[in-house]
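A.B. asks: Output the structure for:
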Amino acid sequence: MMNWNQDMGGLGNVLMILSVVLFWGVIITTVILFGRSAGVSNRRYEGEAPGRNMAEDLLAERFARGEIDENEYTARLSVLRRGQGSTR
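C.D. replies: All right, here's what the predicted structure looks like:
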């Protein structure tokens, strides 16, 4: 009767350790990336009026792209900062 050794051997142990490390690495990386993506949107305008700076940023982007001139930019920016309604 043959007695089979139940040991996996050196390569089996190495593969088992690598798979456990890889498994936990994927889990930890997923949690970190999810946490970062959930917190990004709140950090940018923290403590500021919602929507107001986003409008100023959009206006600045349009000015940088050359869609509006300096006079229109300053006029619209002053309206946004005064908090009055329409820009027409």
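A.B. asks: what's the pLDDT at the residue nearest the centre of the chain?
C.D. replies: Centroid-nearest residue in the chain: Ser37, 4.0 Å away (criterion: CA atoms, centre = their mean). Ser37 is assigned a pLDDT of 85 by the prediction.
A.B. asks: Now do the helices in the chain.
C.D. replies: For the chain, the helices defined by DSSP state H cover 9-43, 52-65, 70-82.
A.B. asks: Relative to Gly25, how far out is the closest residue to Leu59 other than its chain neighbours?
C.D. replies: Nearest non-adjacent residue to Leu59, counting by CB to CB, 6 or more residues apart in numbering: Arg76, 5.7 Å away. To be clear about C-beta, it is placed using only N, CA and C from the backbone, and glycine gets the same treatment. Applying CB to CB, to the nearest Å, the value for Arg76 to Gly25 is 49 Å.
A.B. asks: What of Arg65?
C.D. replies: Separation of Arg65 from Gly25 (CB to CB): 42 Å.
A.B. asks: same check, this time on Ile32
C.D. replies: 11 Å.
A.B. asks: do Phe63 as well
C.D. replies: 45 Å.
A.B. asks: same thing with Asn71?
C.D. replies: Distance from Asn71 to Gly25, by CB to CB: 56 Å.
A.B. asks: ok, now Phe34?
C.D. replies: 15 Å.
A.B. asks: can you check Glu67 too?
C.D. replies: On the measure of CB to CB, Glu67 and Gly25 end up 46 Å apart.
A.B. asks: who's more crowded, Phe63 and Gly25?
C.D. replies: Phe63 (17 against 10; other CB atoms under 10 Å).
A.B. asks: wouldn't the more buried one be in contact with Glu70 here?
C.D. replies: Yes: counting by CB atoms under 8 Å, Phe63 touches Glu70, with 7.4 Å between them.
A.B. asks: Cool, thanks, talk later.
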